[in-house]
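> can't give you the sequence, but here's the structure:
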């Protein structure tokens, strides 16, 4: 069995930022990625996805996003290319096609990491940076379990072509829900349904992207994560296009349906309507099945931690959790700050153990 300093689970933005920070602090991480490339979940997002933060605010530590106008909003494929290039430049052992099946505590207080297929790695510490794409959140909605039409989560959506001419409901009120609903409305009759109204915020304020103001004011990095019981609903960043589309009814916006019978949904005003497909743009939960035996989560599956370190195991850390420390903790621009804190503390702790006496 191979013995290493730190195993990092996941080679998306969180895992790559963590590997970079660990190397910078003198450790030799092994990064295990389930997919066949070092880009996390980005290759599997829907085809038209674009960032709502400009390229200049979408970089990991040590490598600007680059590629042209720093004020553009990069496309999904640009992010994939950026992450794979970033990974190739790291002085770290990154192994793709390695899915972690389980993590268990060993006698020395470290961990044994078991891969699918049975291979094992002994690690003094583990950083969970596997994101959430593998754990889409499907809320309990009235009658949805009896709905006879097509139901898919946003993680399964690729583009609007398959929905042409159909009646579609998109459930959600965040950026993804609105982007998908507006895109689908170009080929289908679409309703954006949610329990709460959509909150639009301007993409640009006083001629600058709003991320400039978030960074300049310090709000972006403010350590408020420990005060949030659950991550807040994200507003929809809008240049005016999305609000105009919703105001024009393409798509229209309604309160969530109250029940379903067959393919017919019942709206809050009592109107019944046949619907061909429902798309759940309802977010994700941390994807941590490999930590199931460690007792690290609350009743809702959220890992319990203090400043990124598990409250149950001092050598188990997390990077890339939503609102882990700040509002930007799981974003390209913010994940590096949390990665550096975790790496610094791990390096200090492991070095103290190695010190003589």
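Cool, the structure landed. In this text, all values refer to a predicted model and were calculated from it rather than measured experimentally.

> What about the nearest residue to residue 279 once chain neighbours are set aside, how many residues nearby?
Nearest residue to residue 279, sequence neighbours excluded (C-beta to C-beta, 6 or more residues apart in numbering): residue 170, at 4.7 Å. Every residue, glycine included, has its C-beta placed from N, CA and C. For residue 170, the count of nearby residues is 29 (other C-beta atoms under 10 Å).

> and after the helix or strand containing residue 170, which helix or strand comes next?
Residue 170 is located in strand 167-171, with elements delineated by DSSP states H and E. Moving toward the C-terminus from strand 167-171, the next helix or strand (DSSP H and E) is helix 175-184.

> just to revisit the earlier point, the strand holding residue 170 - which strands sit beside it in the sheet, and in what orientation?
Within its sheet, strand 167-171 is paired with strand 189-194 (parallel), strand 277-280 (parallel), according to DSSP bridges.

> and that strand with helix 175-184, angle?
On the basis of axes from the mean of the first three to the mean of the last three C-alpha atoms, to 10 degrees, strand 167-171 is oriented at 170 degrees to helix 175-184.

> contact partners of strand 167-171?
139, 141, 177, 180-181, 184, 188-194, 251, 256-257, 265, 273-282 (C-beta atoms under 8 Å, 6 or more residues apart in numbering).

> gap between stretch 337-350 and the chain center?
Between the centre of stretch 337-350 and the centre of its chain there are 22 Å (C-alpha atoms, centre = their mean, to the nearest Å).

> Now that stretch: average pLDDT?
Mean per-residue pLDDT for stretch 337-350: 95.

> and what of stretch 268-275?
For stretch 268-275, the per-residue pLDDT averages 95.

> One more: stretch 25-43?
Mean predicted lDDT for stretch 25-43 stands at 95.

> Show me which residues of it are buried.
Across stretch 25-43, burial judged by 16 or more other C-beta atoms under 10 Å covers 25, 27, 29-35, 37-42.

> same thing with stretch 213-229?
Burial within stretch 213-229, assessed by neighbour count using 16+ other C-beta under 10 Å, is assigned to 214, 215, 220, 221, 225.

> can you check stretch 204-213 too?
Residues of stretch 204-213 classed as buried by neighbour count (16+ other C-beta under 10 Å): 204, 209, 210, 211, 212.

> swap in stretch 140-148?
For stretch 140-148, the neighbour count (16+ other C-beta under 10 Å) marks 141, 144, 147 as buried.

> Now the second one. Nearest residue, chain neighbours left out?
Among residues not flanking residue 144 along the chain, residue 260 sits closest, at 6.3 Å (C-beta to C-beta, 6+ apart).

> Quick check: that neighbour is in a helix.
No: Residue 260: not assigned to a helix; according to DSSP: H, G, I helix; E, B strand; the rest coil it is strand.

> wait, isn't it in contact with residue 142?
Yes: Residue 260 is within contact range of residue 142, at 6.8 Å (criterion: C-beta atoms under 8 Å).

> Quick one: the helices in this protein, in order.
Using DSSP state H, the helices of the chain run over 13-24, 76-89, 175-184, 210-217, 241-247, 335-354.

> how about residue 42, what does it touch?
Contacts for residue 42 were tallied using C-beta under 8 Å, 6+ apart; they are 12, 76, 79, 80, 83.

> Repeat the analysis, applying 10 Å as the threshold.
Residues counted as contacts of residue 42 (C-beta atoms under 10 Å, 6 or more residues apart in numbering) are 12-13, 35, 49, 76-84, 131, 133, 332.
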